[in-house]
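# sharing a model prediction with you, sequence too.
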Amino acid sequence: MSLYIGVMSGTSLDGIDIAIVDINDNQILLRAAETYPFSPSLRKDLYSLINTGRAHLQQLGQVDMALGHAYSEAILQLLAETNIAPTDIKAIGCHGQTIYHAPDAAYPFSMQIGCASVIAELTGITTIADFRQRDMVLGGQGAPLVPAFHQALFHNPDEDTVIANIGGISNITILPADKRQPVLGFDTGPGNVLLDQWYQQHHRAMYDENGRWARDGKVDTELLNLLLADPFFMQPLPKSTGREHFNLTWLTNTLVAFDKPIKAESIQKTLLQLTVRSIADAVKQYAENASSLYVCGGGAHNEVLMQSLRDELTNIKVSNTVDLGLAPDWVEACAFAWLGMQTLHHQSGNLPAVTGASKPTILGAIYSSSEAS
Ligand SMILES: Nc1ncnc2c1ncn2[C@@H]1O[C@H](COP(=O)(O)OP(=O)(O)OP(=O)(O)O)[C@@H](O)[C@H]1O
Ligand SMILES: CC(=O)N[C@H]1[C@@H]2OC[C@@H](O2)[C@@H](O)[C@@H]1O[C@H](C)C(=O)O
């Protein structure tokens, strides 16, 4: 038995995903998984950090620690509920919360918070965190990192396979059947982030369940083309993005430039189509031989979005990662359990062909659980 824990809180800011997995020879068995919502005050603090990109240093320090505590509580709760002892866990791979991702800065950096010292101390489990920076020091984007995990688990020698994660931001991984061909992976642009933000402007709920509101709207092709004219969509690989770029301000500026009357639900439908088109266009451009696309992340639950994706990609079978043996909600948390394991075993976790780094490297820092002698 090789039990690891993966912790993911992503760009949607919907909560903390925890997965307890048994990993053996690139086989992964999901033992337990749960999403723990952020407390309203922590959520508010994270939103404020992310949306403004500004903070007093004292506030940043406090939120970093508070999130470390929230992660620890969630981990300990899931362990208690499943009757698994912390001593049975080899390590925790914790992604942290991205509060700023700047691959194009003079000194590129990606900042994830959620203090790993707190997690290692409170759980007594060795914790690996800060996964992105080593890749960036080597000239990489530091993202996406899940493609190495997708390759280890989902490679199919009989067909080119595409995995699309539709979280807050969307990213795809292209796994050629021929293992001598490089794996490709990159962010395609917004996933649910704009859909959620626009929805929240008009409703009291966090997201448009099953795309019901979007279904009432109509895609406005002119607005869609304006949204698709953003240079990110044309940018060559490697590329990654985040809420620093695709956010409510970006949407508002585009709507001001559009300057035509349009129903709110039609904006929602057009944003949904933006997510669909940016993924479908990327698949057509970079994975012309692929026969299957498996979706993971919360977008897999949006029926309208999934149907639109099928309508755009008529030559490809579009389903979700349940068909590969892993439910869409847990793929990222499992990936960070796997990436933590890689680091613990002194194995690399980045794919230079994906991130653009000059070489593979061991990712992250290890916060050991061992008692001082
Ligand atoms: N039933 C549903 N109908 C429509 N949308 C849904 C549904 N369930 C989840 N979602 C969407 O999925 C989002 C959460 O997705 P997920 O947990 O994959 O994001 P994340 O991990 O935060 O993002 P990222 O992968 O960018 O880090 C929600 O904010 C919501 O927009
Ligand atoms: C900087 C950052 O947090 N990037 C996330 C984000 O969410 C989706 C997409 O953008 C992806 O590039 C990445 O997450 C996944 C887990 C990754 O690194 O593969």
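Now that the structure is in, tell me what you want to look at. Ligands and ions are numbered 1, 2, ... in the order given.
# helix, strand or coil for the residue of the stretch 1-150 of the chain found nearest ligand 1?
Taking Cβ to the nearest ligand atom, ligand 1 has its nearest neighbour within the stretch 1-150 of the chain at residue 10, 2.1 Å off. No exception for glycine: its C-beta is placed from N, CA and C like everyone else's. With DSSP: H, G, I helix; E, B strand; the rest coil as the basis, residue 10 sits in coil.
# okay but it is in contact with residue 167, surely?
Yes. Using Cβ atoms under 8 Å, residue 10 is in contact with residue 167, at 4.7 Å.
# which residues are in contact with each of the two?
When contacts are counted by Cβ atoms under 8 Å, 6 or more residues apart in numbering, residue 10 and residue 167 have 297, 332 as shared neighbours.
# can you get me a residue count around the residue of the stretch 1-150 of the chain closest to ligand 1?
When neighbours are defined as other Cβ atoms under 10 Å, residue 10 has 23 of them.
# for whichever residue of the stretch 51-200 of the chain sits closest to ligand 1, which non-adjacent residue is closest in space?
Using Cβ to the nearest ligand atom, the single residue of the stretch 51-200 of the chain nearest to ligand 1 is residue 167, 2.0 Å away. Of all residues not flanking residue 167 in the chain, residue 297 sits nearest, at 4.0 Å (Cβ to Cβ, 6 or more residues apart in numbering).
# surely the one you found and residue 191 touch.
Yes. Using Cβ under 8 Å, residue 297 is in contact with residue 191, at 6.5 Å.
# those two: who's more crowded?
residue 191 (29 against 26).
# ok, now which ones touch the more buried one?
Residue 191 touches 11, 12, 165, 166, 167, 168, 169, 170, 275, 297, 299, counting by Cβ under 8 Å, 6+ apart.
# those in strands, which ones?
For those, the ones inside strands are 165, 166, 169, 170, with DSSP state E as the criterion.
# ok, the third one touching residue 239?
Just to be clear, that refers to residue 169. No. Using Cβ under 8 Å, residue 169 makes no contact with residue 239, being 11.3 Å away.
# so between those two, which is more surrounded?
residue 169 (28 against 20).
# tell me the bridge partners for the more buried one.
Listed by DSSP bridges, the beta-bridge partners for residue 169 are residue 190.
# and the gap between it and residue 232?
11 Å (Cβ to Cβ, to the nearest Å).
# now for those two: what residues contact both?
Counting by Cβ under 8 Å, 6+ apart, the residues touching both residue 169 and residue 232 are 189, 241, 246.
# about what we covered before: what residues does the residue of the stretch 1-150 of the chain closest to ligand 1 make contact with?
Applying Cβ under 8 Å, 6+ apart, the residues contacting residue 10 are 17, 95, 98, 167, 168, 297, 332.
# next, count neighbours for the closest residue to the fifth one other than its chain neighbours.
What it means is residue 168. Nearest non-adjacent residue to residue 168, counting by Cβ to Cβ, 6+ apart: residue 11, 2.9 Å away. The burial count assigned to residue 11 is 22, neighbours taken as other Cβ under 10 Å.
# then the one 4 residues further on?
Other residues near residue 15 come to 18 when the count uses other Cβ under 10 Å.
# what's near enough to touch residue 354?
The contact partners of residue 354, taken as Cβ under 8 Å, 6+ apart, are 144, 147, 148, 173, 183, 184, 185, 186, 238.
# could you look up the SS state of the last one?
Secondary structure, three-state DSSP: residue 238 is coil.
# check the fourth one too.
Using three-state DSSP, the secondary structure recorded for residue 173 is strand.
# quick revisit: of the contacts of residue 191 - the most surrounded one?
residue 165 (32 neighbours).
# that one contacts residue 172, doesn't it?
Yes. The pair residue 165 and residue 172 qualifies as a contact (Cβ under 8 Å) at a distance of 7.5 Å.
# can you get me a residue count around the residue of the stretch 201-350 of the chain found nearest ligand 1?
Among the residues of the stretch 201-350 of the chain, residue 298 lies closest to ligand 1, at 1.9 Å counting by Cβ to the nearest ligand atom. Using other Cβ under 10 Å, residue 298 is surrounded by 22 other residues.
# distance of it relative to residue 110?
22 Å.
# what do you get for residue 353?
In terms of Cβ to Cβ, residue 353 sits 19 Å off from residue 110.
# and the two? which has more neighbours close in?
Neighbours were counted for residue 353 and for residue 110 using other Cβ under 10 Å; residue 110 has more, 23 against 16.
# phi and psi next, for that one.
phi -140, psi 120 (degrees, to the nearest 10).
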